[in-house]
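Peer 1: Provided below for reference: sequence and predicted model.
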Amino acid sequence: MATDEARVFFSGADLKARGHTSEWVGHDVERCSVWARSDASGPVLRLQIRPVAAHRTSGAAEEASATPLGHGWNGSFLIRKNPEAAVLVDCDSLPGKGLLVLTESAEDVEDLSEQQVVQVARFATESARLAAKHFGCQGTLGERPPRVDRTDWQRRSPASASGTCRGVVDVRAARGAGITTVTEKPAGRALTESCSVETTGGGHYRLTACYGASAKQEIYLDTRYPGSVKGALMRPHTCRGAMETAYYKLVHFRPSGASGGAEPTERGTVGDPKQLLERFAAVSAERHGCPR
């Protein structure tokens with residue numbers, strides 16, 4: 001645990017911590033909670049250190065609304081009600097060939113300072129640095145993040161896409177294919193990322209890319225509940241190290257008010273949905289360092 005980063009979160013206060021090891025899908029997971037000794041009812045920082053093979057319920061790592069952690073890390077930063085972070089490190093000595101570190105603050109983000117929000121990310125990266133040394137991991141480590149990206153979803157024309165939708169839509173063919181708008185997050189090496197492509201009439205295609213534990217989780221769910229992805233297009237892709245197998249998915253949603261929700265991709269209006277998925281997978285894989 002990166003005690004120094006936790007101490008900064010709590011403004012230099014003396015700390016108290018509680019930890020334990022639990023089994024999760026057959027693998028050991030280290031869990032720790034830390035708080036200010038003088039304020040037992042105040043904010044709490046939580047930490048999980050697990051092998052990638054312990055993929056179920058992997059916090060910020062599996063959320064498409066997260067932003068890239070950046071600064072040289074494969075990782076995600078997320079604010080739902082409270083801030084969360086996830087870091088993935090190549091580690092041949094661990095099941096799944098990777099180390100996954102998850103952190104969160106139990107306090108509502110509205111009650112935290114900007115420095116405390118950033119410290120949640122630093123608590124993840126610097127705990128990952130210590131854990132990587134402990135387990136003898138060979139993965140490249142990033143820098144201590146000076147800031148976090150809190151950018152919300154951005155709606156843009158296909159030609160203006162600069163984040164997770166950049167390079168996904170053939171701009172010259174967009175109008176003829178019925179594509180009007182894209183909705184994206186900043187591009188980087190987040191462990192789950194998404195791009196939404198809106199079409200004439202109000203429907204949209206949701207494209208999702210998953211890496212590491214996030215990919216393992218999504219493949220597990222789609223295999224166990226095949227009805228949930230009826231009509232969707234899925235494509236795996238071989239990556240390196242802890243990324244292992246990436247997983248890309250396209251789902252088409254009917255316009256608001258239409259009956260039936262998601263519909264088979266071949267009934268969409270975007271032209272060839274397979275090409276859309278191929279382009280999305282190619283640009284996402286390149287960002288994440290996966291071989292073609």
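Peer 2: Structure's in. What do you need?

Peer 1: only C-alpha atoms for contact and neighbour calcs from this point on.
Peer 2: OK.

Peer 1: residue boundaries of the helices in this protein?
Peer 2: 3-9, 114-135, 171-174, 213-224, 273-287 (DSSP state H).

Peer 1: pLDDT on the second one, on average?
Peer 2: Mean per-residue pLDDT for helix 114-135: 97.

Peer 1: buried set for it?
Peer 2: 116-129, 131-132 (16 or more other C-alpha atoms under 10 Å).

Peer 1: identify, from those, the entry nearest to residue 196.
Peer 2: residue 121 (26.5 Å; C-alpha to C-alpha).

Peer 1: which one is that closest one nearest to, not counting chain neighbours?
Peer 2: Leaving aside its sequence neighbours, residue 121 sits nearest to residue 85 (C-alpha to C-alpha, 6 or more residues apart in numbering; 5.4 Å).

Peer 1: same deal with residue 165?
Peer 2: Counting by C-alpha to C-alpha, 6+ apart, the residue nearest residue 165 is residue 195, at 5.3 Å.

Peer 1: cool, and residue 157?
Peer 2: Counting by C-alpha to C-alpha, 6+ apart, the residue nearest residue 157 is residue 181, at 4.7 Å.

Peer 1: what residues are bridge-paired with that neighbour?
Peer 2: With beta bridges defined as DSSP bridges, residue 181 has these partners: residue 198.

Peer 1: could you verify my assumption that it touches residue 199?
Peer 2: Yes. Here residue 181 reaches residue 199: they are 7.2 Å apart, a contact under C-alpha atoms under 8 Å.

Peer 1: so which of those two has more stuff around it?
Peer 2: For residue 181 versus residue 199, neighbours defined as other C-alpha atoms under 10 Å are more numerous around residue 199 (23 against 19).

Peer 1: what distance do you get for that one to residue 17?
Peer 2: As for residue 199, its distance to residue 17 is 51 Å (criterion: C-alpha to C-alpha, to the nearest Å).

Peer 1: also residue 176?
Peer 2: Look at residue 176 and residue 17: by C-alpha to C-alpha, they are 59 Å apart.

Peer 1: low pLDDT regions in this protein?
Peer 2: Within the chain, the segments meeting pLDDT under 70 span 57, 256-271.

Peer 1: could you list the domains of the chain?
Peer 2: Domain assignment for the chain by automatic domain parsing gives 3-135, 154-287.

Peer 1: just how off-centre is stretch 165-180 within its chain?
Peer 2: What separates the centre of stretch 165-180 from the centre of its chain is 25 Å, taken as C-alpha atoms, centre = their mean, to the nearest Å.

Peer 1: list the contacts of it.
Peer 2: With C-alpha atoms under 8 Å, 6 or more residues apart in numbering as the test, stretch 165-180 has contacts from 157-159, 161, 182-184, 194-200, 269-271, 276, 279-280, 283.

Peer 1: same question for stretch 275-287.
Peer 2: Contacts for stretch 275-287 (C-alpha under 8 Å, 6+ apart): 164-169, 188-189, 207, 209, 233, 246, 248-250, 291-292.

Peer 1: and it, which residues are buried?
Peer 2: Neighbour counts using 16+ other C-alpha under 10 Å place 276, 277, 278, 279, 280, 281, 282, 283, 284, 285 of stretch 275-287 among the buried residues.
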